[in-house]
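Undergrad: Provided below are the primary sequence and the corresponding predicted coordinates.
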Amino acid sequence: MRTETLDKRVRGFVGDTAVVDSLAPLLFFESSFPVPAYAFAEEDVRLDLLRPSDEPPSNLPFFYGPKGAVAQWYDLHVEGRVLRHAAWRRDDPAISDRIILTWQPGVLDRWMEEEEVVVEHPRDPHKRVEAIASSRHIEISLDGVTLAETTRPVLLFETHMPTRFYVPRSDVRFDALEPSGNRSRCPYKGSAQEYWSVRDRSDAEHVAWSYADPKPAVGKVAGMVSFYNEMVDVTVDGVRQERPVTVFSSRAHRPVAV
């Protein structure tokens with residue numbers, strides 16, 4: 001496990017109550033997962049609002065839960081609400097003296113870094129996200145069925161992630177796709193309010209998405225459609241690309257509707 005203390009104010013709220021307020025949060029990275037999390041000193045957490053949980057959760061989504069053994073689970077009692085398994089203490093010596101609170105949507109109402117609301121997970125200070133217009137010939141297919149083809153893509157480069165190819169909507173074969181109803185949020189790119197699955201393929205659900213109003217840093221992808229390279233076949237200038245293996249190769253690890 002890698003840890004890093006940040007010079008950043010981080011707060012988590014339930015209603016108007018700040019259940020954590022830290023000026024020196026500890027950012028930690030699990031070796032098995034690329035997304036960081038915060039661990040907080042006890043004095044920065046409203047311990048009076050925490051109660052030990054009687055038993056561990058049975059169906060906590062992997063994306064938002066701990067990636068190793070938990071020494072103690074806590075329920076959060078605040079403003080007349082009981083938020084089950086909202087916090088925990090890991091048994092890893094690097095952070096065993098600290099409290100971790102979930103970023104799972106629907107538990108805490110909002111997280112803030114300084115005065116900006118941040119969604120889904122903490123921002124990684126070492127991550128860079130860049131969107132660049134290209135003239136590459138991109139073909140997206142699955143088992144010989146063309147899903148998209150363009151020479152006007154925008155390439156999105158994100159640290160530790162495969163290049164994502166964003167395609168103009170007019171170059172997408174929507175007749176081969178169907179809306180999936182999924183939604184997701186990203187602290188770097190914004191909210192993806194549209195998702196599609198490959199029609200008549202139960203093994204290719206939530207395979208494509210679009211950001212209608214992305215963050216300014218990646219504004220060029222607005223309205224365009226991208227696909228999980230891990231799930232489809234991507235050909236760049238006539239050369240078939242190997243499917244990357246990432247944490248998102250597993251269906252259970254991909255973002256779910258929020």
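TA: The structure has been received and is ready for your questions. Quick caveat: nothing in here was measured; it's all calculated off a predicted structure.

Undergrad: use CA for all of it now, contacts and neighbours both
TA: Will do.

Undergrad: quick one, strands of the stretch 1-150 of the chain?
TA: If DSSP state E, counting those that start in this stretch is used as the criterion, the strands of the stretch 1-150 of the chain fall at 2-5, 10-14, 17-22, 26-29, 37-39, 50-52, 70-78, 81-90, 100-101, 110-113, 116-118, 129-133, 138-142, 145-150.

Undergrad: of all those strands, which lies closest to residue 220?
TA: Residue 220 lies closest to strand 129-133 among these, at 6.4 Å (C-alpha to C-alpha).

Undergrad: Strand partners (parallel or antiparallel) of the worst-scoring helix or strand of the chain on mean pLDDT?
TA: Of all helical and strand segments in the chain, the minimum by mean pLDDT, DSSP states H and E falls on strand 184-186, at a mean of 88. With DSSP bridges as the test, strand 184-186 is paired with strand 190-192 (antiparallel).

Undergrad: Show residues contacting the partner strand.
TA: With contacts defined as C-alpha atoms under 8 Å, 6 or more residues apart in numbering, strand 190-192 is touched by 183-185, 209-215.

Undergrad: what comes up buried for that strand?
TA: By neighbour count on 16 or more other C-alpha atoms under 10 Å, the buried set for strand 190-192 is 190-192.

Undergrad: Could I get the average pLDDT for that strand?
TA: The average pLDDT for strand 190-192 rounds to 92.

Undergrad: same deal with stretch 125-135?
TA: Confidence over stretch 125-135 (mean pLDDT, whole number) is 94.

Undergrad: Need the distance between the two termini of that stretch.
TA: 31 Å (C-alpha to C-alpha, to the nearest Å).

Undergrad: confidence score at residue 204?
TA: For residue 204, pLDDT reads 89.

Undergrad: element containing it?
TA: Here residue 204 is covered by no helix or strand, with elements defined by DSSP states H and E.

Undergrad: can you count the residues close to it?
TA: Neighbour count for residue 204, taken as other C-alpha atoms under 10 Å: 18.

Undergrad: and it, what is it in contact with?
TA: Residues near residue 204 by C-alpha under 8 Å, 6+ apart: 197-198, 231.
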